[in-house]
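Asks: fold the following.
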Amino acid sequence: MRQAFRATLETVLVHGLLGWLYVAAVAAARPSALSVPISSLLPVRRDTFGTACFALSALAATLLHTATGRWWQRTAPRPGAGPALLRTGTVHGLLVWAYLCVNSLTHPETLARPLTHFADAPREGQTASWAFAVTALTLLLARAQARPDRSGGDPA
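Replies: Residues are numbered from 1 along each chain as shown. This next block holds a predicted model:
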């Protein structure tokens, strides 16, 4: 399996599960909010988004396991500023997204407010959407640039 395709499937697997997990938390805490769009940036119902995320993640997991015998290919990180920025962007971006997801469940009225008191933009809801999208991109790039694990499985 080509490294770029594998990296894409790994990203879909992870972000699909994360998207579904957020919608599942909304369903548990605020079921009346499921028919509301997931974001102003993506005007799709939350429940539709969650279903699509789950299905895409399951498909990616099946394709990865079929081709490589596992869901996640272990890789050695490459040294340097570029890979470090991608990995840091992924992890810290997901932390911002997770924090804002919790905020949307505990006090949804803040989603329309500015993210910080330093500036009027971006809003919390916009930031959550962008953080999710940007971390998908940074994870994809980090996984595509990682050295393949040569100890077994698919070498490409």
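
Asks: poorly predicted segments of this structure, please.
Replies: Scanning the chain with the threshold set as pLDDT under 70 gives 1, 74, 147-156.

Asks: what segments of it are strands?
Replies: Assigned by DSSP state E, the strands in the chain fall at 75-76, 147-148.

Asks: which stretches of this protein form helices?
Replies: Using DSSP state H, the helices of the chain run over 3-29, 46-68, 81-106, 124-145.

Asks: in TSV, list the ones you listed along with mean neighbour count.
Replies: Every residue, glycine included, has its C-beta placed from N, CA and C. Below are the helices of the chain laid out as TSV (neighbours: other Cβ atoms under 10 Å):
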stretch	mean neighbour count
helix 3-29	19
helix 46-68	17
helix 81-106	16
helix 124-145	20
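
Asks: would CSV of those helices with distance to H117 be doable?
Replies: Below are the helices of the chain laid out as CSV (distance: least, Cβ to Cβ, whole Å):
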stretch, distance to H117
helix 3-29, 26
helix 46-68, 28
helix 81-106, 15
helix 124-145, 12
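
Asks: and those helices: which comes nearest S35?
Replies: helix 46-68 (6.7 Å; Cβ to Cβ).
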